[in-house]
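# Based on what follows, work out the 3D shape:
(2 chains)
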Amino acid sequence: MSVLADSGPRPAREGVGGRLSDLLWRRPGVLLALLLVPPLLWLGVVYLGSLFALLLQSFFSIDEFSGVIDRTPTLKTYGELLRPANLDIIWRTVLMAAAVTVASVAVAFPIAYYAARHARGRWKALFYLGVMLPLWSSYLVKVYAWKLILAKEGIVGWGFDSLGLGRVLEAFLAVPGIGGNSLSVSPTGTFIVFVYVWLPFMILPIQAALERVPDSLVEASGDLGATPGQTFRHVIWPLALPGVVAGSIFTFSLTLGDYIIPQIIGTSARFIGLAVYQYQGTAGNVPLAAAFAVVPIVIMGSYLAVAKRLGAFDAL
Amino acid sequence: MTAAVSFRGVSRHFGTVKAVDGVDLDIAEGEFFAMLGPSGSGKTTCLRLIAGFETPTAGRIELFGEDVSGRPPYRRAVNTVFQDYALFPHLNVLDNVAYGLMIAGVPKAERRRRAEEALSMMALPGYGGRKPSELSGGQRQRVALARALVNRPRVLLLDEPLGALDLKLREQMQDELKTLQRKVGITFVFVTHDQGEALSMADRVAVFNEGRIQQVGSPEEVYARPRTRFVADFVGGSNVLHPGVAALFGGRPAWASLRPEALRLGPPEGARITGVVTAARYLGAATRLVVDLGAGAPPDGRSDVAVLVPGGHPVPAPGTRVGLAWDAEALHPMATE
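Below you'll find the model as predicted:
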């Protein structure tokens, strides 16, 4: 009885801490401002500022003889970017990024679908572990491991040989454009490793999108006469699309910017990231490197505009 | 006439849980049929068995005399109104309603016309362009109804369709559903845990408990002549009298039910049974009293009865000794314990 009777209004909390809590409780806007100012400063000054500086540099030019940067605004560098050799690099990179993205969707979707709609409890934990585990080890270790796997004497070649399919692999590697001396020095090898390395970034957003689709929507579609295939086309796929787009932003832009994988695995043909790296670091041609770096930004911008127009974000 | 829906010894077990356990049931064509029971009683699983979302572990389900036990939902002439409505969030209202027609390959112009017609019938004309997220709960409910009915199903299944609505809207929708069912004339199978809803809307009610049907009958039968103690207790809180107490009330010494409104209060002097008022609950139109009968209470039965005092009558305060009067025919012995 006394326990109940004694509880009057609580005494005011003393001190600066107590007054601060009271202030933040009365004015939630102050708390929000306190929390948001540091990240906004970071985003505005450090991030957007350096991006702007990069853009600016692409409008400078370099004196070909002295190697001195001329700071008068010009479109000369962009003219240089459009030379056939450089266009080749852009083309190759975009094609690779597109292929990697499409393959990632194809591989990731069933995995994400299973995880979101069927896996429960322990299996779900195992799924997260399986998807995240590769991200815990160094990217370089994984890429070099793949070099061994894909090498002529590697396990893939050995597997094909022991199945008596060595000829098939050879015939595939003889195809110009995708083949090479071995898988580890072919564009196919680059492609396989890109898909492997970026796969978690595709699985997780698709899984998150599918997780939000209630079972009753799938049942309602069946109830209204749709076969599982029709339900996939008209309900599951449109609702998963924002996740697919989010995942493809990762795989596409990561492939566009990567310069390590094509160096270690694949032909010596250059990709945008490698070009930036070389123009910036080796050749000292910062304006052209900057112009190259603008390309992925423009591509991603147009990609998102098209995705929006196609209604990829309607379900958000 | 063949039944619209029949269950023949149907069971659905989930591991060791017997969600539905040996159910036999016939639902006639054109009937408004309610499945009533507490949560976990198997009523929703029965509805899902009719829709085809579940397959029976044992037994047979027939729709219009045809065995559909293993048939997927998309090959059954039934449609469902889901508890959460399950409207497609990426489609507007018109496309939601026309979904079944689109799947069936109805030409665009016709399915548009029919969907708009269905929306008008649901008093939602001109709402076709909106997204489901822009509608209120009651409006979503109507869209879900329109989306099901536009396919002209032979049986319409409703899974607690009024559960998410507030009281006033729920009462309004009860009337509308009843009118709608009479108008379209198709079989409605309706799942609810609200006995008032079941009694006021259905032609017949099946009361479920622990995966089994306790009683099937008209609302009057289920209410006035409950077959089991569970039905008596669940359908409107009837007094369940222990055989000893039933005898005290002049009945056979068997379990019996006595409706609270069949009991009347009087002065304790000269009354055959007296008791002390222990609690009073004001219900608006009436007051529900609990009267403790005191001595003679059997060890395993309740020794108190509920009495409904209509509004306008004097309500004795707790602690008052009162006498009880009742009509002999209101005392209903139950067939099974």
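
# confidence score at the residue of the stretch 1-150 of chain A found nearest chain B?
Here the residue of the stretch 1-150 of chain A nearest chain B is residue A:120; by C-beta to the nearest C-beta that distance is 13.3 Å. For the C-beta atoms, the positions are set from N, CA and C on the backbone; glycine is no exception. According to the predicted model, the pLDDT of residue A:120 comes to 86.

# what about residue B:54, neighbour count?
Residues contacting residue B:54 under the criterion other C-beta atoms under 10 Å in any protein chain shown number 19.

# What of residue B:55?
Residue B:55 sits with 14 neighbouring residues when counted by other C-beta under 10 Å.

# tell me the phi and psi of it?
The phi and psi values for residue B:55, taken as degrees, to the nearest 10, are phi -110, psi 140.

# In contact with it, which residues are there?
Each residue near residue B:55 by C-beta atoms under 8 Å, 6 or more residues apart in numbering or on different chains is listed here: B:12, B:49, B:69, B:70.

# From residue B:68, how far off is it?
Shown here: residue B:55 relative to residue B:68, a distance of 10 Å by C-beta to C-beta, to the nearest Å.

# Next: residue A:60.
Computed as C-beta to C-beta, the residue A:60 to residue B:68 distance reads 75 Å.

# before we move on, what about residue B:161?
Distance of residue B:161 to residue B:68, given as C-beta to C-beta: 23 Å.

# Among those two, which residue is more densely surrounded?
More crowded of residue B:161 and residue B:68, by other C-beta under 10 Å: residue B:161, with 25 against 21.

# just checking, the more buried one touches residue B:86?
No. Residue B:161 is beyond contact range of residue B:86, at 11.3 Å (criterion: C-beta atoms under 8 Å).

# Find the residues that touch each one of the two.
The contact sets of residue B:161 and residue B:86 overlap at residue B:144 (C-beta under 8 Å, 6+ apart).

# So residue A:127 belongs to a strand, correct?
No. Residue A:127: not assigned to a strand; according to DSSP: H, G, I helix; E, B strand; the rest coil it is helix.

# which ones are touching it?
Residue A:127 is in contact with A:111, A:114, A:115, A:119, counting by C-beta under 8 Å, 6+ apart.

# Between those, identify the one with the most neighbours.
residue A:115 (22 neighbours).

# how close does that one get to residue A:105?
Residue A:115 sits 15 Å away from residue A:105, going by C-beta to C-beta.

# again, but for residue B:57
Distance of residue B:57 to residue A:105, computed by C-beta to C-beta: 38 Å.

# Which of these two has more residues huddled nearby?
Set residue B:57 next to residue A:105 and count neighbours by other C-beta under 10 Å: residue A:105 wins out with 17 against 14.

# tell me which element that one falls in.
Under the criterion of DSSP states H and E, residue A:105 resides in helix A:84-117.

# I figured residue B:325 hits residue B:271, correct?
Yes. With contacts defined as C-beta under 8 Å, residue B:325 counts as touching residue B:271 at a distance of 6.9 Å.

# Looking at per-residue confidence, what score does the nearest residue to residue A:224 once chain neighbours are set aside get?
Residue nearest to residue A:224 in three dimensions, not counting chain neighbours: residue B:100, with 3.8 Å by C-beta to C-beta, 6 or more residues apart in numbering or on different chains. Looking at residue B:100, its pLDDT is 96.

# Equivalent analysis for residue B:114, please.
Note on residue B:114: pLDDT of 95.

# Over to residue A:6?
For residue A:6, pLDDT reads 60.

# Just the helices from the stretch 51-200 of chain A, written as ranges.
Shown for the stretch 51-200 of chain A, the helices assigned by DSSP state H, counting those that start in this stretch span residues A:76-81, A:84-117, A:122-136, A:139-150, A:155-162, A:166-173, A:187-211.

# which of these sits most buried?
For the helices of the stretch 51-200 of chain A, ranked by mean neighbour count under the definition mean count of other C-beta atoms under 10 Å in any protein chain shown, the leader is helix A:187-211 at a mean of 22.

# I'd like the next helix or strand past that helix.
Using DSSP H and E, the helix or strand that follows helix A:187-211 towards the C-terminus is helix A:215-223.

# what packs against that next one?
Using 3 or more C-beta pairs under 8 Å, 6 or more residues apart in numbering or on different chains; DSSP states H and E as the contact test, the elements touching helix A:215-223 are helix A:228-231, strand B:78-81.

# In contact with residue 267, which residues?
The chain I'm using is chain A. With C-beta under 8 Å, 6+ apart as the criterion, the residues that contact residue A:267 are A:180, A:185, A:186, A:187, A:190.

# The chain in question should be chain B.
Residue B:267 makes contact with B:322, B:323 under the criterion C-beta under 8 Å, 6+ apart.

# That one and chain A: what is the separation?
Using C-beta to the nearest C-beta, to the nearest Å, one gets 39 Å for the distance from residue B:267 to chain A.

# Next one: that residue from residue B:320, what distance?
From residue B:267 to residue B:320 the distance is 11 Å (C-beta to C-beta).

# cool, and residue B:251?
Looking at residue B:251 against residue B:320, where the rule is C-beta to C-beta, the gap reads 26 Å.

# Ok, residue B:135 next?
Here residue B:135 is placed at a distance of 52 Å from residue B:320 (C-beta to C-beta).

# From the contacts of residue B:55, list just the buried residues.
Buried by 16 or more other C-beta atoms under 10 Å in any protein chain shown: B:12, B:49, out of these.

# Just put the contacts of residue B:55 in JSON lines and tack on secondary structure and pLDDT.
Compiled in JSON lines, the contacts of residue B:55 are given as follows (DSSP: H, G, I helix; E, B strand; the rest coil; pLDDT from 0 to 100):
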{"residue": "B:12", "secondary structure": "strand", "pLDDT": "95"}
{"residue": "B:49", "secondary structure": "helix", "pLDDT": "95"}
{"residue": "B:69", "secondary structure": "coil", "pLDDT": "87"}
{"residue": "B:70", "secondary structure": "coil", "pLDDT": "87"}
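
# Name whatever forms a beta bridge with residue B:333.
When bridges are assigned using DSSP bridges, the partners listed for residue B:333 are residue B:256.

# cool, residue B:321 as well?
Partner residues in beta bridges with residue B:321, using DSSP bridges, are residue B:276.

# what about it, how many neighbours?
Counted by other C-beta under 10 Å, the residues lying close to residue B:321 total 15.

# my read: it touches residue B:273, true?
No. With contact defined as C-beta under 8 Å, residue B:321 does not count as touching residue B:273 (11.4 Å).

# Give me every residue in the stretch 1-150 of chain B lying close to chain A.
Selection of the stretch 1-150 of chain B residues close to chain A by C-beta under 8 Å from any C-beta of the partner chain yields B:51-53, B:72-74, B:78-80, B:82-84, B:86, B:88-90, B:99-100, B:102-104, B:147-148.

# Okay, and which of these map to helices?
In helices, judged by DSSP state H, the following of these are found: B:51, B:99, B:100, B:102, B:103, B:147, B:148.

# re the thing from before, cross-check the contact I'm expecting between the residue nearest to residue A:224 and residue A:221.
No. Using C-beta under 8 Å as the test, residue B:100 is too far from residue A:221 to be in contact (9.3 Å).

# Let me see the contact set for residue B:264.
If you count contacts by C-beta under 8 Å, 6+ apart, residue B:264 has them with B:307, B:324, B:325, B:326.

# hmm, 7 Å instead?
For residue B:264, the contacting residues are B:325, B:326, taking C-beta atoms under 7 Å, 6 or more residues apart in numbering or on different chains as the criterion.

# next one: residue B:277
Taking C-beta under 7 Å, 6+ apart, we find residue B:277 in contact with B:289, B:291, B:316, B:318, B:319, B:320, B:322.

# can you do 8 Å?
When contacts are counted by C-beta under 8 Å, 6+ apart, residue B:277 touches B:289, B:290, B:291, B:292, B:316, B:317, B:318, B:319, B:320, B:322.
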